[in-house]
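Enquirer: next input, structure requested:
(one chain, ligands or ions: 1)
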Amino acid sequence: MPISPAHRREAPMREHWANLALLVRTAVRTDPWRSLGSLLEPLGSLMFPLFGWFLGLLVDGLLTDDKARLTTAAVGLLATVALRYVAAYVGTAIRTGLAERVGFAFDEEIARLAGGLPGLAHQEHTGYRDRLELLRQSQGALGQSLNHVVSTANAVVGALGTAVVLVLVHPLVLLLVVFALPALPLAALQQRGHARAEEASAAPARLARHLRGLMLDPRAAPELRVLGLGPELLERLDRAWTAARLPLHRAQVVAFAISAVRSLVFAVGFGLAVGFVLWRAARGLAGAGDVVTAVVVCQQVQNQVLGPAYGLAGMGRVLRAAGRLRWLRTHAAAATAGLGDRPAPDSLGEGIELSEVSFRYPGTGTGTGTGTWVLREVSVRIRPGTVVAVVGENGAGKSTLVKLLTRLYEPTEGRVLVAGTDLAEVSPDSWRRRVSGAFQDFARPEFAAQYAVGLGDLPRRDDGAAVRSALARATSTDLFGVLPEGSATQLGATWPGGVDLSTGQWQQLALGRALMRPDPLLVCFDEPTASLDAPTEHALFERYAATARAGRAAGAVTVLVSHRFSTVRSADLILVVDRGRIAEAGTHADLMERAGLYAELYAMQARSHA
Ligand SMILES: Nc1ncnc2c1ncn2[C@@H]1O[C@H](COP(=O)(O)OP(=O)(O)OP(=O)(O)O)[C@@H](O)[C@H]1O
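Expert: Numbers count the residues shown, from 1 in each chain. This next block holds a predicted model:
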């Protein structure tokens, strides 16, 4: 699936508005009252210029001994100061509460969208991972989103108020704005530089996080220590952080230089504006109050023009983050569109058929060279109720075959047919409800042990009998029996009263999960027993295959990937995968008689175990 989102083709202005609308809509939907309350805050910004104007009035009142002016000015000054602080206090309280709620709403949506993507194809795109990383980093910024919108509104309202007061002093003083205007393109320049730096640092930052995670991962610790990999990883981590920091550091230096130029230009304008009002006062054309107002309010021009500029720069970051969220929405919609919406068949009918299936992992090139094909023209028919074993050397394509059957990927060419229906036409969710599996890499959910197994069939997750039965089929040891609080034991040593399990025990729970579904059509075991010894694995599959055969009428196909021929030999159908092709297929007896690759591999393993 192409990674480029449709909205990237939008005109930049339209995109900004769409991003802004997304932020406001989310904030209003999340907390309408706080969103409304935060819009009152810009009124507080009007108090700055009004304060300057009342100050001028006060000076004039004092000089002319005008009691009415003095009273108005004193009340005005008190009111503007009081309102300014109230608005700031209330505004801060509202912003904080709103930011938390909106941030959580965005976090939830990102997790839902990313977690809900069907299959694994999207994870192959470095573009996807980098964008998701940027999105993850900008989650805080998204939480602050409405704050930025309000800040920018504050700045704009304040700027308009300042402009009005300057016109009251003298319309020409408004020309000071011209000296502050370069701030706008300069801020945009800073913003663009920052955006480029963010993009450039995403990949090395992700690498650095991965390395840090690896170095702190207790499961990797023994291997890293025995192999003495610490210094090597540390050096790589250092390089990755430097590569991630460098573009941001450069952007900061450039931003500092731009700010210096901006301030210098404004300082010249400020001098000219105040000088002009003083010149008028010296000629009796303006009062002392005008001079005071000009000095106070002209200072604000810098803030009032830079405020919106900074606001826009901040908004740029927020809008980019919102843009990434829109990208994820578009991506999630595209990933689920056209995936088929037919329900999975009730039974396997004539079975599962792979018809001329070829596959290469997304992003591994489109050349015709054989290098990129992981599976090539695989055709095989599997009758319902069959226990299929898939064997072959490392990297032959066995796991990939399982991933296509479980629909974690779509075939690049060819079709997978289930009861005569192309799997591509079936809704992935519906198919997965009838599929179960345990894999080389398995989850270690740190819940109560009962729940960690019950996850395999959510509707029956609290059904103790179902969970015990699944676990009993998965392992001959009484795993719950050895846990301090039985099935209620909290897993994971970092939780209060929690216990950690050995890799083999975690794997047994994963197998239990795989056996929870009451009526699967397909059950895949992709070397889920690597941590079990050969006899235990053999006994487990003998038991499992016997149950599968006994229930053959139900018709589920069982696929087992294993390197252990002692386990494999009892399968109804053995598929020998060799460099992406099915080299041989048949029962153990057929394949031994054929004296081909299977017989060779079998003899090799038998010799090594003799
Ligand atoms: N996510 C991926 N992206 C790109 N290539 C991949 C990916 N996963 C596997 N491959 C490649 O596909 C080929 C087949 O891998 P696969 O995992 O299917 O082999 P396998 O037969 O299961 O091997 P093993 O016995 O070692 O588990 C390998 O060359 C591997 O490098």
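Enquirer: which residues in this protein form strands?
Expert: 352-359, 375-382, 387-392, 413-418, 421-422, 435-438, 522-526, 557-561, 573-578, 581-586 (DSSP state E).
Enquirer: who wins for proximity to the ligand among those strands?
Expert: strand 387-392 (5.4 Å; C-beta to the nearest ligand atom). No exception for glycine: its C-beta is placed from N, CA and C like everyone else's.
Enquirer: can I get the strands of the chain in JSON lines including mean neighbour count, mean pLDDT and distance to residue 92?
Expert: Below are the strands of the chain laid out as JSON lines (neighbours: other C-beta atoms under 10 Å; pLDDT from 0 to 100; distance: least, C-beta to C-beta, whole Å):
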{"stretch": "strand 352-359", "mean neighbour count": "19", "mean pLDDT": "94", "distance to residue 92": "56"}
{"stretch": "strand 375-382", "mean neighbour count": "18", "mean pLDDT": "93", "distance to residue 92": "59"}
{"stretch": "strand 387-392", "mean neighbour count": "25", "mean pLDDT": "92", "distance to residue 92": "62"}
{"stretch": "strand 413-418", "mean neighbour count": "19", "mean pLDDT": "93", "distance to residue 92": "58"}
{"stretch": "strand 421-422", "mean neighbour count": "16", "mean pLDDT": "92", "distance to residue 92": "58"}
{"stretch": "strand 435-438", "mean neighbour count": "24", "mean pLDDT": "85", "distance to residue 92": "52"}
{"stretch": "strand 522-526", "mean neighbour count": "25", "mean pLDDT": "88", "distance to residue 92": "54"}
{"stretch": "strand 557-561", "mean neighbour count": "25", "mean pLDDT": "90", "distance to residue 92": "59"}
{"stretch": "strand 573-578", "mean neighbour count": "23", "mean pLDDT": "94", "distance to residue 92": "64"}
{"stretch": "strand 581-586", "mean neighbour count": "18", "mean pLDDT": "93", "distance to residue 92": "67"}
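Enquirer: low-confidence ranges in the stretch 401-550 of the chain?
Expert: Scanning the stretch 401-550 of the chain for pLDDT under 70 picks out 529-533, 547-550.
Enquirer: likewise the stretch 151-300 of the chain?
Expert: 222.
Enquirer: 80 instead?
Expert: 151, 153, 183-184, 187-188, 191, 218-228, 299-300 (pLDDT under 80).
Enquirer: in it, which residue sits closest to the ligand?
Expert: For the stretch 151-300 of the chain, C-beta to the nearest ligand atom, closest residue to the ligand: residue 210, 15.6 Å.
Enquirer: show me what contacts that residue?
Expert: Applying C-beta atoms under 8 Å, 6 or more residues apart in numbering to residue 210 gives no contacts.
Enquirer: skipping its backbone neighbours, what lies nearest residue 528 in space?
Expert: residue 438 (3.5 Å; C-beta to C-beta, 6 or more residues apart in numbering).
Enquirer: ditto for residue 520
Expert: residue 436 (4.6 Å).
Enquirer: relative to residue 455, how far out is the one you found?
Expert: Relative to residue 455, residue 436 is positioned 11 Å away (C-beta to C-beta, to the nearest Å).
Enquirer: now do the shared contacts for these two.
Expert: Common neighbours of residue 436 and residue 455 (C-beta under 8 Å, 6+ apart) are residue 516.
Enquirer: spit out the contact partners of the spatially most central residue of the chain.
Expert: Among the residues of the chain, residue 132 comes closest to the average C-alpha position under C-alpha atoms, centre = their mean, at 4.2 Å. Contacts for residue 132 (C-beta under 8 Å, 6+ apart) come out as 114, 328.
Enquirer: can you get me a residue count around the residue lying closest to residue 308 once chain neighbours are set aside?
Expert: Spatial nearest neighbour of residue 308, excluding adjacent residues (C-beta to C-beta, 6+ apart): residue 155 at 4.4 Å. Neighbour count of residue 155, defined by other C-beta atoms under 10 Å: 23.
Enquirer: helices of the stretch 1-150 of the chain, start to end?
Expert: 12-30, 32-45, 47-64, 67-115, 126-137, 139-143, 145-169 (DSSP state H, counting those that start in this stretch).
Enquirer: comparing these, which gets the lowest mean pLDDT score?
Expert: Per-stretch mean pLDDT for the helices of the stretch 1-150 of the chain is lowest at helix 139-143 (a mean of 67).
Enquirer: touching, residue 396 and residue 579? I think so.
Expert: Yes: here residue 396 reaches residue 579: they are 6.4 Å apart, a contact under C-beta atoms under 8 Å.
Enquirer: intersection of neighbour lists for the two?
Expert: Counting by C-beta under 8 Å, 6+ apart, nothing touches both residue 396 and residue 579.
Enquirer: follow-up on the earlier one: measure the residue nearest to the centre of the chain to the ligand for me?
Expert: From residue 132 across to the ligand, the span is 16 Å (C-beta to the nearest ligand atom, to the nearest Å).
Enquirer: could you do residue 567 as well?
Expert: 14 Å.
Enquirer: equivalent analysis for residue 401, please.
Expert: Taking C-beta to the nearest ligand atom, one finds residue 401 at 7 Å from the ligand.
Enquirer: got the contact list for that residue?
Expert: 354, 375, 378, 390, 559, 575, 577.
Enquirer: equivalent analysis for residue 343, please.
Expert: Counting by C-beta under 8 Å, 6+ apart, residue 343 has contacts 426, 427, 430.
Enquirer: which of the residues you listed come close to the ligand?
Expert: Among the contacts of residue 343, no residue sits close to the ligand (C-beta under 6 Å from any ligand atom).
Enquirer: which among these gets closest to the ligand?
Expert: Nearest to the ligand among the contacts of residue 343, with distances taken as C-beta to the nearest ligand atom, is residue 426, at 22.7 Å.
Enquirer: who's that closest one bridged to?
Expert: Counting by DSSP bridges, residue 426 forms beta bridges with residue 342.
Enquirer: which one's more surrounded, residue 396 and residue 579?
Expert: residue 396 (20 against 15).
Enquirer: do you know the pLDDT at the more buried one?
Expert: Looking at residue 396, the pLDDT reads 90.
Enquirer: the one 4 residues further on too?
Expert: With respect to pLDDT, residue 400 scores 92.
Enquirer: which residue is the nearest non-sequential neighbour of it?
Expert: residue 374 (5.0 Å).
Enquirer: run a quick neighbour tally on residue 79.
Expert: Neighbours of residue 79 (other C-beta under 10 Å): 14.
Enquirer: what about it, distance to the ligand?
Expert: Taking C-beta to the nearest ligand atom, one finds residue 79 at 66 Å from the ligand.
Enquirer: please name the bridge partners of the residue nearest to residue 520.
Expert: Residues in beta-bridge contact with residue 436 (DSSP bridges): residue 523.
Enquirer: hang on, isn't it packed against residue 523?
Expert: Yes: with contact defined as C-beta under 8 Å, residue 436 counts as touching residue 523 (4.9 Å).
Enquirer: which neighbours do these two share?
Expert: 514, 515, 517.
Enquirer: contacts only, for the second one.
Expert: The reference is to residue 515. 436, 456, 470, 471, 473, 474, 523, 544.
Enquirer: what's the nearest residue to the third one if we skip its chain neighbours?
Expert: If you skip the residues right next to it in sequence, residue 470 has residue 515 as its closest partner in space, 4.2 Å away by C-beta to C-beta, 6+ apart.
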